[in-house]
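A.B. asks: A structural model of the following input is requested.
(one chain, ligands or ions: 1)
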Amino acid sequence: MSKKIRFAGMLTVAVLFAGAMGFAQSGEATYKAKCQSCHGAEGTPNPGIAKMMGVKPANDAAVKAHSEAQMIAITTDGKGKMPAFKGKLTDAQIRDSVGYFRTFAK
Ligand code: HEC
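C.D. replies: Modelled structure (predicted):
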């Protein structure tokens, strides 16, 4: 086995281990890294982005009408100008970042 392959294997094990141990990125960290640029730090997009992209604030009635499962589906597959996060984030990261987004939807 070449060194490179062995290193990749070790890395995979380390990542899986970190995930299993709960060291995976929290929903808040994922949201800040991947969602905040469009949805705003507290779920309210800045007015320019809101207008240009069609992002609504998290506490907008139309947004709150979505179930958690619908939001996870939108985040996974994308919608309108929102990119799909399938393959870019794990299912757990999508679920947790949606969970964090939903804390602003009150
Ligand atoms: C490039 C900008 C952009 C990024 C990054 C982005 N979104 Fe969105 N998001 C949008 C837009 C635009 C919509 C509205 C889509 C529509 O209804 O046409 C949207 C809609 C949504 C909705 C559905 C509720 C609604 O507003 O209609 C959820 C839930 C959501 N985003 C969650 C997330 C999460 C979680 C992330 C990070 C993993 C994320 N978004 C990253 C632009 C973005």
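A.B. asks: which residues touch the closest residue to the ligand within the chain?
C.D. replies: Closest contact between the chain and the ligand, by C-beta to the nearest ligand atom, is at residue 80 (2.3 Å). C-betas here are computed from N, CA, C, even on glycine. Counting by C-beta atoms under 8 Å, 6 or more residues apart in numbering, residue 80 touches 53, 54.
A.B. asks: next one: residue 101
C.D. replies: 31, 35, 39, 43, 58, 71.
A.B. asks: Can you list the helices and strands that the strand or helix carrying the first one packs against?
C.D. replies: Secondary structure here is read from DSSP states H and E; on that basis residue 31 sits in helix 27-34. Judged by 3 or more C-beta pairs under 8 Å, 6 or more residues apart in numbering; DSSP states H and E, helix 27-34 is in contact with helix 91-102.
A.B. asks: check the contacts of residue 101 against the ligand, which are close?
C.D. replies: Residues of those in contact with the ligand (C-beta under 6 Å from any ligand atom): 35, 39, 71.
A.B. asks: how close does the closest residue to the last one other than its chain neighbours sit to residue 56?
C.D. replies: By that I understand residue 71. What sits nearest to residue 71 in space, not counting adjacent residues and going by C-beta to C-beta, 6 or more residues apart in numbering, is residue 98, at 4.7 Å. Going from residue 98 to residue 56 by C-beta to C-beta, to the nearest Å gives 15 Å.
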